[in-house]
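> just coords:
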């Protein structure tokens, strides 16, 4: 019996080259969508300091793509469950590129915001689909690693936007900045349309059961218990410091610490890249622990602490404030891979697209509020007190993280 179980585990641990290729394309697709979503955030400095917009107004424009994502995330996820990941990603990124290019042809921030909204609706296709690739192609014992790699696409996309968009905006204005996400999305739309393949179906454990109605219609995982809802709630709370740092980090470095825009963009990009590596390490850590929720709780605790430290470093004008910012950036992005893996595993392949759609919808509802709300808060009370307020969100998430015993009983 033990020998059979060992052989089964060894067979499940093998990962084909096609799986790694699909994962790589999924990372590229998600990164391309993230570049589009974050491009307006790196225009805040230009809009605020040179075009006369308040931080709240610029933050509202920056939130337009995330509002668009909220409107379509679940629909894209449901479509993934029906037709698979390949065409969802390819078509979605093609539409994202089109929206970016069309935004370059219009005048006025309302019209630009409308196309940013439409592009966000299209780029949402990559979120559920790239996560679904991990669920379908990787065994459970390697999903922490695979989802950690997939989740590095978000900070990687922010890194690309942080390094390229301020430079493009300085030389070409808003139009020059929008060209960056448009070209990247177009390239990956073509690459994913050619390269992504559907995962082979695994045989059912009990062949006789495959003909039963229950096998044909997998049970709704949301009716089983509150585990998925709690993970969704935790993720919503933890996304607030993540988007605060990514949205206002550049303008904070320039206006508060006196950094040059290019140097600030490089620091933001470097911090996001380190955060991307951190997501992989946290994913591997969760594989070894055999738990997603235990490290998720530790990340929530750390996020609250580091945002308080960032507030203190700003208020005290520490010379090490920039270093604290880098640490904060790494910590506040570490939770996503853990939560995504937990949601995907709990939902199962038949429900993973929809469950990841719900997961993303909740996160981007919060993210769409962060831009204008935190921008207005900074304008009213300054950065230190705004950072203190943001620190309360991960603190509130700590008691909501499910216990390890609930995680083991969830299936």
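Received the coordinates, thanks. Just so it is clear, the model here is predicted, and its values are computed rather than measured.

> now residue 88: which helix or strand?
In this assignment (DSSP states H and E), residue 88 forms part of helix 85-103.

> how about the helices in the stretch 51-200 of the chain?
Using DSSP state H, counting those that start in this stretch, the helices of the stretch 51-200 of the chain run over residues 55-62, 64-83, 85-103, 109-123, 125-137, 143-151, 153-195.

> leaving out chain neighbours, which residue sits closest to the most centrally placed residue in the chain?
Geometric centre of the chain, nearest residue: residue 154, 4.9 Å, by CA atoms, centre = their mean. Counting by CB to CB, 6 or more residues apart in numbering, residue 154 lies nearest to residue 34, which is 5.2 Å off, once chain neighbours are set aside. (C-beta placed from N, C-alpha, C; glycine too.)

> what average pLDDT does whichever helix or strand the one you found is part of get?
Assigned by DSSP H and E, residue 34 belongs to helix 17-38. The average pLDDT within helix 17-38 is 91.

> any idea which helix or strand comes after it?
Next along from helix 17-38, by DSSP H and E: helix 44-49.

> which parts of that next one are buried?
Of the residues in helix 44-49, 44, 45, 46, 47, 48 count as buried by neighbour count, 16 or more other CB atoms under 10 Å.

> shaky segments in the stretch 151-300 of the chain?
199-218 (pLDDT under 70).

> which parts of the helix or strand containing residue 283 are buried?
For residue 283, the host element (DSSP H and E) is helix 261-289. By neighbour count on 16+ other CB under 10 Å, the buried set for helix 261-289 is 261, 264-269, 271-276, 278-280, 282-283, 285-287.

> please apply the same query to stretch 96-115.
Buried positions in stretch 96-115, judged by neighbour count with 16+ other CB under 10 Å: 96-104, 109, 112-115.

> avg pLDDT for that stretch?
Per-residue pLDDT over stretch 96-115 has a mean of 92.

> name the residues that touch it?
With contact meaning CB atoms under 8 Å, 6 or more residues apart in numbering, stretch 96-115 is reached by 32-33, 36, 39, 53, 61, 64, 116, 118-119, 122-123, 174-175, 178-179, 181-183, 185-186, 189.

> from those, list the buried ones, please.
Buried by 16+ other CB under 10 Å: 32-33, 36, 39, 53, 61, 64, 116, 118-119, 122-123, 174, 178-179, 181-182, 185-186, 189, out of the contacts of stretch 96-115.

> re earlier: what helices or strands is the helix holding residue 34 leaning on?
Applying 3 or more CB pairs under 8 Å, 6 or more residues apart in numbering; DSSP states H and E, one finds that helix 17-38 contacts helix 64-83, helix 85-103, helix 109-123, helix 125-137, helix 143-151, helix 153-195.

> got the angle for it vs helix 125-137?
Relative orientation of helix 17-38 versus helix 125-137 (axes from the mean of the first three to the mean of the last three CA atoms, to 10 degrees): 160 degrees.

> could you shift the numbering so residue one becomes 9, and keep it that way?
That works, and once the first residue is 9, the last one we named lands at helix 25-46.

> re earlier: how about the buried residues of stretch 104-123 in a markdown table, adding distance to residue 312?
Listed next are those as a markdown table, based on distance: CB to CB, whole Å:
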| residue | distance to residue 312 |
| --- | --- |
| 104 | 34 |
| 105 | 38 |
| 106 | 41 |
| 107 | 36 |
| 108 | 36 |
| 109 | 41 |
| 110 | 41 |
| 111 | 37 |
| 112 | 40 |
| 117 | 35 |
| 120 | 36 |
| 121 | 33 |
| 122 | 37 |
| 123 | 37 |
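
> and the furthest pair within those?
Greatest spatial distance among those (CB to CB): 105 and 117, at 21.1 Å.

> check contacts around residue 375.
71, 74, 247, 250, 251.

> and if we set it to 7 Å?
Residue 375 sits next to 74, 247, 251 when contact means CB atoms under 7 Å, 6 or more residues apart in numbering.

> who wins on neighbours among those residues?
residue 74 (29 neighbours; other CB atoms under 10 Å).

> if you drop the residues flanking it in sequence, what lies closest to it?
Spatial nearest neighbour of residue 74, chain neighbours left out: residue 376 (4.1 Å); criterion: CB to CB, 6+ apart.

> over to residue 347?
Among residues not flanking residue 347 along the chain, residue 243 sits closest, at 4.6 Å (CB to CB, 6+ apart).

> what's the angle between the host helix or strand of the one you found and helix 72-91?
Assigned by DSSP H and E, residue 243 belongs to helix 235-263. Orientation of helix 235-263 against helix 72-91 (the same axes, to 10 degrees) gives an angle of 150 degrees.

> which positions within helix 235-263 qualify as buried?
Neighbour counts using 16+ other CB under 10 Å place 235-236, 238-263 of helix 235-263 among the buried residues.

> same deal with stretch 325-335?
Residues of stretch 325-335 classed as buried by neighbour count (16+ other CB under 10 Å): 329, 330, 332, 333, 334, 335.

> the third one and residue 317 touch, don't they?
Yes - contact between residue 332 and residue 317 holds when scored by CB atoms under 7 Å: they sit 5.6 Å apart.

> distance between the helix holding residue 243 and the chain's centre?
A distance of 10 Å separates the centroid of the chain from that of helix 235-263, by CA atoms, centre = their mean, to the nearest Å.

> of all the helices and strands packed on helix 25-46, which lies closest to residue 301?
It's helix 151-159; of the helices and strands packed on helix 25-46, that one is closest to residue 301 (CB to CB) at 12.2 Å.

> packing partners for that closest one?
Using 3 or more CB pairs under 7 Å, 6 or more residues apart in numbering; DSSP states H and E, the elements in contact with helix 151-159 are helix 25-46, helix 133-145, helix 269-297, helix 344-355.

> so which of those comes closest to residue 79?
Across these, closest to residue 79 is helix 133-145 (CB to CB), at 12.4 Å.

> show me how far that closest one is from its chain's centre.
Taking CA atoms, centre = their mean, one finds the center of helix 133-145 at 12 Å from the center of the full chain.

> picking up where we left off before, reformat the contacts of residue 375 as a markdown table; add distance to residue 157.
As requested, the contacts of residue 375 are exported to a markdown table (distance: CB to CB, whole Å):
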| residue | distance to residue 157 |
| --- | --- |
| 74 | 23 |
| 247 | 20 |
| 251 | 22 |
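
> residue 139: which of those is nearest?
When those are compared against residue 139 (criterion: CB to CB), the nearest one is residue 247, at 15.4 Å.

> list the contacts for that closest one?
371, 374, 375.

> at 10 Å what do you get?
74, 340-341, 343-344, 347, 368, 370-375, 378, 401-402, 405 (CB atoms under 10 Å, 6 or more residues apart in numbering).
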